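>>> Dropping a prediction and its sequence here:
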Amino acid sequence: MKIRPSIVLFGDSITEQSFRYGGWGASLTDTYSRKADIVVRGYGGYTTRWALFLLHHIFPLSSTTPPVAATVFLGANDAALPGRTSERQHVPLEEYKENLRKIVRHLKNAQKNVCGSTNIVWPLLTRDKNDLFQHKTVLTCYPAMKIPERTNEVTGDYANGCVEVATEFGVSSINLWSRMQETQGWQKKFLSDGLHLTPDGNKVVFEEVIKVFNGAWLSAPDMPYDFPQYSDIDPHNPEKAFRERCL
């Protein structure tokens, strides 16, 4: 018997780093303590093109216990500009959208094989904004010209593409590109190096993900504990509480 459901965080370095101190994944783990297992599957530098090769390993269609939710946070590397140092990561916008479609179809099929497609949540997270002239990689590769590897305008196109795919499939989306622009001075407040998240940036991601989960039957306070609370255990007959919970 599976005691806790799982929630998988699937993405690139922003997901890989999400379990660091103050990270959005770490905050989810704290929120769902004893309610659900938060599983990080983040791969630094990956694009949607490369992420496709991982789907059958992370979300096997043969699994009888698929995750109850999965965040898909990809696009930061797809949006790298051609003709620059990170050109090998560039994925054209239309291919990016088609790759997202393939990811969502796979997730739906993985869930459908068990219990239909109604009990799972897949927020597609759009890319956060970029402050590229602050980015260390840019300043290292182009110290004089400061040529950006990515731009906010292009990143916005990918963010909109992600929202389009989410709408097409009827799944949730979180537009961080727009969300972060609502705050004055977002560059220094939310981004540590022009690309990755500060503690404040991680907090924004966490809050937006929790909003989606709370609106889709995954509110942590309403979920059962994996095993009885200590206050429910009769010291004279402890077996009773565990027997009732595990039946």
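Now that the structure is in, tell me what you want to look at. Computed from a predicted model, the values in this text were never measured in an experiment. Numbers count the residues shown, from 1 in each chain.
>>> quick one: low-confidence parts of this protein?
Low-confidence segments of the chain (pLDDT under 70): 1-2, 113-151, 192-194, 245-247.
>>> Quick check: longest helix in it by residues?
What stands out as the longest helix in the chain, according to DSSP state H, is helix 93-115.
>>> what sits up against that one?
Around helix 93-115, the neighbours that count as contacts under CB atoms under 8 Å, 6 or more residues apart in numbering are 47-49, 51-52, 55-56, 59-66, 70, 72, 74-75, 78-79, 91, 117, 119-120, 122, 124, 157-158, 161-162, 164-165, 168-169, 171. C-betas here are computed from N, CA, C, even on glycine.
>>> In that helix, which residues are buried?
Tyr96, Lys97, Glu98, Asn99, Leu100, Ile103, Val104, His106, Leu107, Lys108, Ala110, Gln111 (16 or more other CB atoms under 10 Å).
>>> before we move on, the earlier item: of the contacts of helix 93-115, buried ones?
Applying 16+ other CB under 10 Å to the contacts of helix 93-115 flags 47-49, 51, 55, 59, 66, 70, 72, 74-75, 78-79, 91, 120, 122, 124, 158, 161-162, 165, 169, 171 as buried.
>>> OK, contacts around Ile38?
So Ile38 contacts Ser6, Ile7, Leu9, Gly25, Leu28, Thr29, Tyr32 (CB under 8 Å, 6+ apart).
>>> Farthest pair within the residues you listed?
Maximum pairwise distance among these (CB to CB): 13.0 Å, between Ser6 and Gly25.
>>> Neighbour count for the two, which is higher?
Gly25 (26 against 16; other CB atoms under 10 Å).
>>> and the gap between the closest residue in space to the more buried one that isn't next to it in sequence and Leu28?
Spatial nearest neighbour of Gly25, excluding adjacent residues (CB to CB, 6 or more residues apart in numbering): Ser18 at 3.1 Å. Distance of Ser18 to Leu28, computed by CB to CB, to the nearest Å: 8 Å.
>>> now Arg101
Relative to Leu28, and taking CB to CB, Arg101 is found at 26 Å.
>>> now swap in Pro238 and tell me
Distance from Pro238 to Leu28, by CB to CB: 31 Å.
>>> Settle it for me: which of those two has more neighbours?
Leu28 (24 against 11).
>>> Now the nearest residue to that one once chain neighbours are set aside: which helix or strand?
Excluding its sequence neighbours, the residue lying closest to Leu28 (CB to CB, 6+ apart) is Ile38, at 4.8 Å. Element membership for Ile38, per DSSP states H and E: strand 37-42.
>>> got the CA positions of that strand in PDB?
Below are the C-alpha coordinates for strand 37-42, written out as PDB (Å, rounded to 0.1, in the frame of the first residue of the first chain):
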ATOM      1  CA  ASP A  37       6.200  13.200  -1.000                       C
ATOM      2  CA  ILE A  38       7.700  16.000  -3.100                       C
ATOM      3  CA  VAL A  39      10.100  14.500  -5.700                       C
ATOM      4  CA  VAL A  40      12.500  16.800  -7.500                       C
ATOM      5  CA  ARG A  41      13.500  15.900 -11.000                       C
ATOM      6  CA  GLY A  42      15.300  19.000 -12.200                       C
END
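>>> buried residues in that strand?
Result for strand 37-42 [16+ other CB under 10 Å]: buried residues Asp37, Ile38, Val40, Arg41, Gly42.
>>> What of stretch 217-229?
Buried residues in stretch 217-229, counting neighbours by 16+ other CB under 10 Å, are found at Leu218, Ala220, Met223, Pro228.
>>> can you pull out the strands in this protein?
Taking DSSP state E, the strands of the chain run over residues 6-11, 37-42, 69-73, 124-125, 173-174.
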